[in-house]
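*Asks:* coordinates for the following, if possible.
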Amino acid sequence: HTLAQERLAKELVDDGADLVIGHHPHVVEDVALYRGKPVFYSLGNFVFDQYFSTDVMEGLGVTLTLENEYADYALTGYATMESRSAPYVMSTTSSSALYARVLQNVPGAELERGTFSVPR
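*Replies:* Below you'll find the predicted structure:
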């Protein structure tokens with residue numbers, strides 16, 4: 001992610017956002033916590049019709065569950081079949097590698113499963 005994205009995310013949280021989900025660069029970017037609030041810098045693509053790079057053929061889904069005093073997040077890795085623009089859920093091996101890359105700076109994240117929790 002860029003410094004401009006980071007500044008904007010921090011400003012949004014400082015102004016009261018409990019969650020920031022970014023988009024547009026067509027690639028999955030890292031997840032961070034700022035003041036205990038998750039910032040997903042980019043979820044990448046769900047469906048994309050250009051196949052020049054594996055990175056633009058990947059995307060993340062995010063499930064948020066609010067129970068008790070925690071916000072639980074679960075990621076789902078998606079990829080697009082080359083030349084068909086048909087999304088599918090990644091294999092466990094591929095998704096675990098993606099989760100490990102994007103969640104490396106999230107304390108307590110379960111990298112293989114793509115999950116983490118934060119106090120509400």
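*Asks:* show me the residues around L3 that make contact.
*Replies:* Contacts for L3 (Cβ atoms under 8 Å, 6 or more residues apart in numbering) come out as none. Backbone N, C-alpha and C define where each C-beta goes, glycine included.
*Asks:* can you tell me how far it is from G59?
*Replies:* Taking Cβ to Cβ, to the nearest Å as the measure, L3 and G59 are separated by 24 Å.
*Asks:* and if you look at S85?
*Replies:* With Cβ to Cβ as the criterion, S85 and G59 are 12 Å apart.
*Asks:* equivalent analysis for P25, please.
*Replies:* Counting by Cβ to Cβ - P25 and G59 are separated by 12 Å.
*Asks:* the more surrounded of these two?
*Replies:* G59 (24 against 16; other Cβ atoms under 10 Å).
*Asks:* hmm, G44 and the more buried one touching each other?
*Replies:* Yes: between G59 and G44 there is a contact at 4.0 Å, judged by Cβ atoms under 8 Å.
*Asks:* that concludes my questions; thank you for your assistance.
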